[in-house]
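Visitor: the following comprises the amino acid sequence and a computationally predicted model.
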Amino acid sequence: MAHGDFIQPVMKEEAVEAVGLMDELLTEVFEAPARIEKRKLARLAKKASDGAGS
């Protein structure tokens, strides 16, 4: 089935669900780590600028 050798036809609802699940998975794998890193860098930059004024 991974290569399109389907035994039964895929219903539209199943295809839509599969695409939705893949969207969530790809968001978690690729986008979430980038968002976390961006927040971390912003926090460190703020901490560094707060400490520079002391």
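Guide: That came through, no problem.

Visitor: alpha carbons only for contacts and neighbour counts from here, please
Guide: Noted.

Visitor: all helices of the chain, in order?
Guide: Assigned by DSSP state H, the chain shows helices spanning 12-26, 32-52.

Visitor: got a markdown table for those, with mean neighbour count and distance to Asp5 too?
Guide: Formatted as a markdown table, those follow (neighbours: other Cα atoms under 10 Å; distance: least, Cα to Cα, whole Å):
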| stretch | mean neighbour count | distance to Asp5 |
| --- | --- | --- |
| helix 12-26 | 11 | 15 |
| helix 32-52 | 11 | 33 |
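
Visitor: tabulate the ones you listed (TSV), appending mean pLDDT.
Guide: What follows is the helices of the chain, written out as TSV (pLDDT from 0 to 100):
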stretch	mean pLDDT
helix 12-26	95
helix 32-52	93
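
Visitor: ok, Leu41 to Phe30 distance?
Guide: Using Cα to Cα, to the nearest Å, Leu41 is found at 17 Å from Phe30.

Visitor: and for Lys12?
Guide: On the measure of Cα to Cα, Lys12 and Phe30 end up 27 Å apart.

Visitor: before we move on, what about Lys40?
Guide: Per Cα to Cα, Lys40 is found 16 Å from Phe30.

Visitor: Asp50 now?
Guide: Distance from Asp50 to Phe30, by Cα to Cα: 31 Å.

Visitor: how about Leu41, what does it touch?
Guide: Contact analysis of Leu41 by Cα atoms under 8 Å, 6 or more residues apart in numbering lists nothing.

Visitor: and the residue nearest the centre of this protein?
Guide: Note on the chain: the residue nearest the mean C-alpha position is Thr27, at 1.8 Å, using Cα atoms, centre = their mean.

Visitor: pLDDT wise, what is it at?
Guide: On pLDDT, Thr27 comes in at 93.

Visitor: ok, now which ones touch it?
Guide: Shown in contact with Thr27 (Cα under 8 Å, 6+ apart): no residues.

Visitor: how close does it sit to Lys47?
Guide: For Thr27 relative to Lys47 (Cα to Cα), the value is 29 Å.

Visitor: then Ala15?
Guide: Distance from Ala15 to Lys47, by Cα to Cα: 47 Å.

Visitor: with that, I have no additional questions.
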